[in-house]
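**Q** Attaching a predicted model along with its sequence, questions to come.
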Amino acid sequence: MASSTKDLSDAEVDRLREDTPGVGHRIHFNNAGAALMPNPVIRGMVEYLQREAEIGGYEASAESTVRLEGVYDSIARLVGSKREEIALAENATLAWQRAFYSLRFGAGDRILTTSAEFAANYVAFLQVARRTGARVEVIPDDANQVLDPQALERMIDSRVRLIAITWIPTNGGLVNPAEAVGQIARAHGVPYLLDACQAVGQMPVDVRTLGCDMLTATGRKFLRGPRGTGFLYMRDDFLKDVEPAMIDLFGAPWVGPQRYELRTDARRFETWEANYAARLGLGTAVDYALSIGIERIERRCRQLANEFRASLSAIPGVLIRDLGERTASIVSFTLRTAGAREVMRHLATQKINVSVSPPTSTPLDATRRSLPDVVRASPHYYNTIAEVRTLASAVREIAA
Ligand SMILES: Cc1ncc(COP(=O)(O)O)c(C=O)c1O
């Protein structure tokens, strides 16, 4: 499908749905959990696995070297980086950990983060703080409970060693001002690690505009890739001074009895063994998104999410929990009449997939807002307005 700047037409959406086996028997609004893979992704992986079975795993990767190397080019195109700045990983968390645990902290160093930070990242801050005496501090939010860049600017001093924030949190449609944070990080020369897990695949991502040194993402969410995939971007000028916390013979070849040499590219953060079928699936998913056009994907996602929010706001007893004015394609809400898990179970009986985001995924935000489990409905471009209406009327029934 040729990329264009126009909105996705109904005919295009129909074609994209024909290419998505999962939409035939479910209404899938759990794209922030794991999106439905399109046919080319599934086919490519199955064919590759068959090849491994037929000729052997090493032999299959050898004959697919060009395609496997192409995955780095595809991701680099997606995020506006060089291919040498990309390392593949098994998920976003591992990509993030490989970056974070390679940074050096000492007593009194400051790590600045956001109230919407993902719990996995936050516990890692706590562990490193306990080990090193570094301090973890939360950047204040503005009146809309969105990270306030001016407050960040005021926090900067010579002890700030890292700014690490989540762009779009796991528990709602908030979009933090990642680019404004990048400008401050650049102006003060502070390393900047951006968790873009929920952003990649649903909106344009350009690491140069963002001004980040490190960015992490997963394959299975809005990118529509397979589970067990993710990647790390690390800026080349930054990565040359970062020694991975753990190394193996791929990232750091043993070049003499007492010597190893780190690879010069971001693949110093990889290990030798990998799931090549999944990697190819990830690369195909990226190409697929690029061929549709990321701006068009973003517009369509936003249209569907806003339509759903508008329907929800007309249902008595429903509380929309999303923060901020410019929201992403994650709609979080609670009902007065039923808990989030009950809502999810009820919708599942009608073959509608949503998920639940518990307070433990984003403890700082959940605590300050006294959030219970929230229902999370996350449309993608292959969802339809008719599906949004079906979801809304199912919620209306539960809320009654
Ligand atoms: C904001 C955010 N960051 C990181 C992650 C972790 O991604 P993964 O499960 O691929 O490690 C998630 C997953 O839900 C997420 O929503």
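**A** Thanks, I have it. Numbering: from 1, shown residues only.

**Q** ok, the residue most central in space within the chain to the ligand distance?
**A** Centroid-nearest residue in the chain, with CA atoms, centre = their mean: Cys197, separated by 1.2 Å. For Cys197, the distance to the ligand equals 4 Å [CB to the nearest ligand atom, to the nearest Å]. Where C-beta positions appear, they are placed from N, C-alpha and C, glycine not excepted.

**Q** Return the residues of the stretch 1-150 of the chain in contact with the ligand.
**A** By CB under 6 Å from any ligand atom, the residues of the stretch 1-150 of the chain that approach the ligand are Asn91, Ala92, Thr93, Phe118.

**Q** Reformat those as CSV; add pLDDT.
**A** Converted to CSV, these look like this (pLDDT from 0 to 100):
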residue, pLDDT
Asn91, 98
Ala92, 98
Thr93, 98
Phe118, 98
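
**Q** Now render those as TSV, adding secondary structure.
**A** Converted to TSV, these look like this (DSSP: H, G, I helix; E, B strand; the rest coil):
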residue	secondary structure
Asn91	coil
Ala92	helix
Thr93	helix
Phe118	coil
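
**Q** Redo the residues you listed as TSV? Include neighbour count.
**A** Below are these laid out as TSV (neighbours: other CB atoms under 10 Å):
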residue	neighbour count
Asn91	20
Ala92	26
Thr93	18
Phe118	24
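
**Q** Check those and tell me the two furthest apart.
**A** Pairwise distances across those (CB to CB) peak at 12.2 Å, for the pair Asn91 and Phe118.

**Q** burial count for Gly33?
**A** Using other CB atoms under 10 Å, Gly33 has 17 neighbouring residues.

**Q** Just confirm it contacts Ser355, I think it does.
**A** Yes: with contact defined as CB atoms under 8 Å, Gly33 and Ser355 form a contacting pair (4.6 Å).

**Q** Common neighbours of the two, please.
**A** The contact sets of Gly33 and Ser355 overlap at Arg376, Ser378 (CB atoms under 8 Å, 6 or more residues apart in numbering).

**Q** which residues are in contact with stretch 357-372?
**A** 115-119, 122, 138, 145, 169-172, 321, 332, 334, 339-340, 373-374, 376.

**Q** Same question for stretch 69-88.
**A** Here stretch 69-88 makes contact (CB under 8 Å, 6+ apart) with 95, 98, 200, 205-209, 215, 217, 229-236, 239, 264-270, 274, 279-280, 282-283, 286-287, 289-290, 294.

**Q** Would you mark the buried spots in the helix or strand harbouring Ser74?
**A** Using DSSP states H and E, Ser74 sits in helix 65-79. For helix 65-79, the buried set under the neighbour-count rule, 16 or more other CB atoms under 10 Å, comprises Arg67, Leu68, Gly70, Val71, Tyr72, Ser74, Ile75, Ala76, Leu78, Val79.

**Q** Which ones among the contacts of stretch 357-372 lie within helices?
**A** Among the contacts of stretch 357-372, the residues falling in helices (DSSP state H) are Ala119, Tyr122, Ala340.
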